[in-house]
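**Student:** pasting a predicted model and its sequence here:
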Amino acid sequence: MNESWLALLQQAFSLLLSFDPDVWSIINVSFSVSFAALLLTLIPSIMLGFVLAFSHFPGRWIVTNLVQTLQSIPTVVIGLLVYLLLTRNGAMGDLKWLFSQNAMIFGQMLICAPVLIALSQAAFASVDKRAWETSRTLGASWIRAIWTVCRELRVALLLAIVAAFSRILTEVGCSMMVGGNIMNVTRNIPTAIALETSKGDFAQAIALGLVLLILALVLNFALGSLRGKALPRSH
Amino acid sequence: MSQMSSSQHSQIASVNVTNLVQQFEQRTLFSVDSLTFRQGDVIYLQGDNGTGKSTLMKILAGLLKPTQGKLIATGFDKSAWWHTNSLLGKAVYLHQHPYLFDGSVRYNLTYGLSRRELQQPTISQRLHQAIEMAQLSQLLDHSASNLSGGERQRLAIARAWICQPKLLMLDEPISNMDKHSQKLVLAMINLLKMQGTGLLISSHQTCGLTALCQQHWHINHQKIHTSQHVPNLDTQQDNLAMEPSYVLAK
C-alpha cells in the first residue's frame, strides 16, 4: 500500500512538473474563475461591511443576520439557485451563461460575498473609532479615511480575503452544477478531483490536491508573516 | 446642519453654533442659545466628567452631528463641492488619548499634509519645525506604537500643528504626563496661541494651562455658561487637595 501511495505521489508530481496540459488547463480555469469572482466582489463587499459596521440604518440588524446566514448556505444550494436563474426559462436565461465560466464566476461571487461582508464587518466593528475621527479631523476625505481604516485593519481584512478565496477555490457543488465540468472550459480543481476519483485516476486527483495544499501553505505563511509584524498595540 | 460661507482668507475663522441641544438617548447633555469659537480665542472648557466636554468639541469639529442646532463656519478656505461636511479638517479635534496610525512617527506627522496643496519645501520646513518643537527628532523613523504617553501626546499636537489649523480643540492635553512632557506640550500650546490659532482646551489639571486662557466655558447643570473671566483653578484645586480624603497607615 505504501508503495502504491508513493507511486501515486510520484505520478502526481511528474504530472505537475512536466506541465501536463490537462492538469494545467484545470489549474488555469480554477484560478482565473476564482480570481475573477473575488476581484468583482471584493470592493463592494468590503464597502458593505464598512457600512454595516459604522452606520445605524433601520434594518441593519436584519441585513447583518441575513449575511451571516448566507455564509453557511451549502454551495450546492447556491448552485441550484444560479442554475434556476440561468436555465433557459430562468430570469437570467437570456444571458446564455449556463455551463460557462461566467456562470461559475456568478455562482462563486454569491458564495464569496457573504464571507467577505461578514468578516470585514467584524473587522471594522473592532476598529478604534478614533482612527476614523483622527483621519477626518486632520482633513482626510472620506475615501482616504476608509483607506486609512483599512490600512489599520489590514491583517484582519487580508484574513477575510483569504478565507473567502479559499471557500470559492475549493467549492465543488456550485461549479459542478452551473459549470458542467467541461474539459478546458469549466473543469476546475475541485470538480476534476471529484471526477478523477470517481474514475479511479488518483494520480491526477492527487496532483490537483497538491496544488490546493501548496496554495493553502503559501497563503498561510504570507498571512503569518504579516501577522508577525502586526504586534498588539497600546493606545 | 452645518454650512460654510465662502469667505476670504484674511477673514477671522470662526465656528458659530446657535440653539444647540445635545441629547444622549433621552437625557439632555447640554444646551446653549449661542456659542462662538473664533481664531485667536483661547478658551478653557470646564465641566465634570460626563457633562459632555468631548462631545461639544466633536460637534465643533464636525465629527458629531448635534441633536439640534445650527453650525456656521466662516473664514475658512472654501471646501470642494463634494464635501458634505465642510467643518471637517478645519477645526481640528485632538482626543484625550490621541490615536496614532500604525506606522512611523514621520508617517503620522505628515498624515494631514497630503491633502493640502503644499510645495515640498514648505512641507519639509513644517516637518522640521514640528520635530524640533515636539523634540521627536531621534524617533522620526521609529514606530509610533512604541512611544511613551508623553511622546504620543507631543506627536499628536505636532501632527495637528503641522496642518496649521485655524481652530484647535485639545481634550485633556496634559493628563497623565510627566513634568518634562507637560512643559513641552505647554510650550507647543503657547506657540499655537502666539500664532493666533483659536484654542479650546479642556483640562482637569491647571499647571499653567489655564493661565494661557482668556475665556471660560463651563458646562454645568446641562447648560454651557460662557465668561471672559477664567477662574483661578489652582486655588480651588489646592484647597481640594488639602482636604484629607484618606489616611495613610503608619
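**Tutor:** Received it, and whenever you're ready, just let me know what you need.
**Student:** the strands in chain A, which residues?
**Tutor:** For chain A, no strands are identified by DSSP state E.
**Student:** what's the answer for chain B, then?
**Tutor:** B:2-4, B:14-24, B:27-38, B:42-47, B:68-74, B:91-94, B:167-171, B:198-202, B:215-220, B:223-227.
**Student:** now do the contacts for the residue of chain B found nearest chain A.
**Tutor:** Closest residue of chain B to chain A, C-beta to the nearest C-beta: B:Gly89 (2.9 Å). Quick note: C-beta positions are derived from backbone N, CA and C, even for glycine. B:Gly89 sits next to A:Arg136, A:Thr137, A:Leu138, A:Gly139, A:Ala140, B:Arg115, B:Cys163 when contact means C-beta atoms under 8 Å, 6 or more residues apart in numbering or on different chains.
**Student:** reformat the strands of chain B as CSV; add distance to A:Leu226 and mean pLDDT.
**Tutor:** Below are the strands of chain B laid out as CSV (distance: least, C-beta to C-beta, whole Å; pLDDT from 0 to 100):
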stretch, distance to A:Leu226, mean pLDDT
strand B:2-4, 40, 44
strand B:14-24, 39, 93
strand B:27-38, 42, 93
strand B:42-47, 42, 92
strand B:68-74, 41, 90
strand B:91-94, 31, 93
strand B:167-171, 33, 94
strand B:198-202, 39, 94
strand B:215-220, 45, 92
strand B:223-227, 47, 92
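**Student:** make TSV from the ones you listed and add distance to chain A and mean neighbour count to it.
**Tutor:** Below are those laid out as TSV (distance: least, C-beta to the nearest C-beta, whole Å; neighbours: other C-beta atoms under 10 Å in any protein chain shown):
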stretch	distance to chain A	mean neighbour count
strand B:2-4	13	17
strand B:14-24	13	18
strand B:27-38	15	16
strand B:42-47	17	21
strand B:68-74	14	18
strand B:91-94	5	26
strand B:167-171	9	26
strand B:198-202	13	25
strand B:215-220	20	18
strand B:223-227	21	14
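**Student:** and the pLDDT at the nearest residue to A:Gln71 once chain neighbours are set aside?
**Tutor:** Sequence neighbours aside, A:Pro114 is the residue nearest to A:Gln71 in space, at 4.5 Å (criterion: C-beta to C-beta, 6 or more residues apart in numbering or on different chains). With respect to pLDDT, A:Pro114 scores 97.
**Student:** can you show me the helices along the chain?
**Tutor:** Just going to use chain A. Along chain A, the segments classed as helices by DSSP state H run A:2-17, A:21-54, A:60-71, A:75-86, A:101-125, A:129-137, A:142-152, A:154-169, A:173-179, A:189-199, A:202-229.
**Student:** wait, I meant chain B there
**Tutor:** Secondary structure of chain B (DSSP H): helices located at B:53-60, B:105-110, B:120-134, B:149-162, B:179-194, B:233-242.
**Student:** buried ones among the contacts of B:Gly89?
**Tutor:** By neighbour count, with 16 or more other C-beta atoms under 10 Å in any protein chain shown, those hold A:Arg136, A:Thr137, A:Leu138, A:Gly139, A:Ala140, B:Cys163 as buried.
**Student:** the last one touches B:Gly112, doesn't it?
**Tutor:** Yes - contact status for B:Cys163 versus B:Gly112: in contact at 4.0 Å, counting by C-beta atoms under 8 Å.
**Student:** next, show the common contact partners of the two.
**Tutor:** A:Leu138, A:Gly139.
**Student:** point out where the chain drops to low pLDDT.
**Tutor:** Here I'm looking at chain A. A:1-3, A:227-235 (pLDDT under 70).
**Student:** my bad, the chain I had in mind was chain B
**Tutor:** B:1-10, B:79-86, B:115-116, B:205-207, B:232-250.
**Student:** A:Trp24 is nearest to which of the strands of chain B?
**Tutor:** strand B:91-94 (56.4 Å; C-beta to C-beta).
**Student:** pull up the pairing partners for that closest one, direction included.
**Tutor:** In the sheet, strand B:91-94 lines up against strand B:167-171 (parallel) (DSSP bridges).
**Student:** residues in contact with the partner strand?
**Tutor:** B:13-15, B:37, B:39, B:53-54, B:57, B:60-61, B:90-96, B:157, B:160, B:189, B:192, B:197-202.
**Student:** quick one on the thing from earlier: tell me the most buried of the helices of chain A?
**Tutor:** Across the helices of chain A, the average number of neighbours (mean count of other C-beta atoms under 10 Å in any protein chain shown) peaks for helix A:173-179, which reaches a mean of 26.
**Student:** quickly note the distance from the residue of chain B closest to chain A to B:Ser227.
**Tutor:** 30 Å (C-beta to C-beta, to the nearest Å).
**Student:** now B:Thr197
**Tutor:** As judged by C-beta to C-beta, B:Thr197 and B:Ser227 stand 21 Å apart.
**Student:** residue contacts, the spatially most central residue of chain A?
**Tutor:** For chain A, the residue nearest the mean C-alpha position is A:Phe165 (2.3 Å; C-alpha atoms, centre = their mean). By C-beta under 8 Å, 6+ apart, the residues touching A:Phe165 are A:Ser34, A:Leu38, A:Cys112, A:Leu219.
**Student:** which of the residues you listed sit farthest apart?
**Tutor:** Farthest-apart pair in these is A:Cys112 and A:Leu219; separation 15.1 Å (C-beta to C-beta).
**Student:** how about the nearest residue to the residue in chain A positioned nearest to chain B, chain neighbours excluded?
**Tutor:** At 2.9 Å from chain B, A:Gly139 is the closest residue in chain A, using C-beta to the nearest C-beta. Nearest residue to A:Gly139, sequence neighbours excluded (C-beta to C-beta, 6+ apart): B:Gly89, at 2.9 Å.
**Student:** against A:Arg144, how distant is that neighbour?
**Tutor:** 11 Å.
**Student:** repeat that for A:Cys150.
**Tutor:** The spacing between A:Cys150 and A:Arg144, counted by C-beta to C-beta, is 10 Å.
**Student:** surely B:Gly112 is in contact with B:Arg159?
**Tutor:** Yes - using C-beta under 8 Å, B:Gly112 is in contact with B:Arg159, at 6.3 Å.
**Student:** between these two, who's got more neighbours?
**Tutor:** Neighbour count, other C-beta atoms under 10 Å in any protein chain shown: between B:Gly112 and B:Arg159, B:Arg159 has more, with 26 against 23.
**Student:** what sits against that one?
**Tutor:** Neighbours of B:Arg159 in contact, by C-beta under 8 Å, 6+ apart: A:Leu138, B:Asn108, B:Leu109, B:Tyr111, B:Gly112, B:Ala130.
**Student:** residues in contact with B:Ala160?
**Tutor:** A:Leu138, B:Val92, B:Leu94, B:Gly112, B:Leu168.
**Student:** what number of residues lie near A:Ile182?
**Tutor:** Burial measure for A:Ile182: 13 neighbouring residues, criterion other C-beta under 10 Å.
**Student:** give me the nearest residue to it, chain neighbours excluded.
**Tutor:** Closest to A:Ile182 by C-beta to C-beta, 6+ apart is A:Phe99, at 6.4 Å.
**Student:** roughly how far apart are that neighbour and A:Met176?
**Tutor:** With distances taken as C-beta to C-beta, A:Phe99 is found 11 Å from A:Met176.
**Student:** which residue lies nearest the spatial centre of chain B?
**Tutor:** Central residue of chain B (C-alpha atoms, centre = their mean): B:Met169, at 1.7 Å.
**Student:** this completes my enquiry, with thanks.
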